[in-house]
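Colleague: A predicted structure for the sequence below; I have some questions about it.
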Amino acid sequence: MPKLKTKSGAKKRFRLTAGGKVRSQQAGKRHGMIKRTKKFIRNARGTTILKEQDARIVRKFLPYG
């Protein structure tokens, strides 16, 4: 069997936790911070765990995860 290829875009954006969940950066922080509330900016720091419905799609792009 040949090696499976990983989608390069997914490789850069997502990581898997030890439990197999998909971790990603918080959305909505690229631009337009002036109109966002301080609470939103504070809560959007760091990373988040994707919902299972979205994680299922991402795992297809990370075959050895």
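Modeller: The structure has been received and is ready for your questions. Numbers count the residues shown, from 1 in each chain.
Colleague: ranges for the strands of this structure?
Modeller: Assigned by DSSP state E, the strands in the chain fall at 14-16, 22-25, 47-49.
Colleague: name the surrounding residues that touch the last one.
Modeller: What it means is strand 47-49. In this structure, residues lying in contact with strand 47-49 by C-beta atoms under 8 Å, 6 or more residues apart in numbering are 17, 21-26. C-betas here are computed from N, CA, C, even on glycine.
Colleague: touching stretch 13-23 from outside, list them.
Modeller: For stretch 13-23, using C-beta under 8 Å, 6+ apart, the contacting residues are 24-25, 47-50, 54-55, 58-59, 61-62, 65.
Colleague: how far away is the nearest residue to S24 once chain neighbours are set aside from A27?
Modeller: Leaving aside its sequence neighbours, S24 sits nearest to F14 (C-beta to C-beta, 6 or more residues apart in numbering; 5.2 Å). According to C-beta to C-beta, to the nearest Å, F14 stands 13 Å off from A27.
Colleague: can I get the contacts of stretch 13-23 in JSON lines with pLDDT?
Modeller: As requested, the contacts of stretch 13-23 are exported to JSON lines (pLDDT from 0 to 100):
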{"residue": "S24", "pLDDT": "97"}
{"residue": "Q25", "pLDDT": "97"}
{"residue": "T47", "pLDDT": "97"}
{"residue": "T48", "pLDDT": "98"}
{"residue": "I49", "pLDDT": "98"}
{"residue": "L50", "pLDDT": "97"}
{"residue": "D54", "pLDDT": "97"}
{"residue": "A55", "pLDDT": "97"}
{"residue": "V58", "pLDDT": "96"}
{"residue": "R59", "pLDDT": "95"}
{"residue": "F61", "pLDDT": "95"}
{"residue": "L62", "pLDDT": "94"}
{"residue": "G65", "pLDDT": "71"}
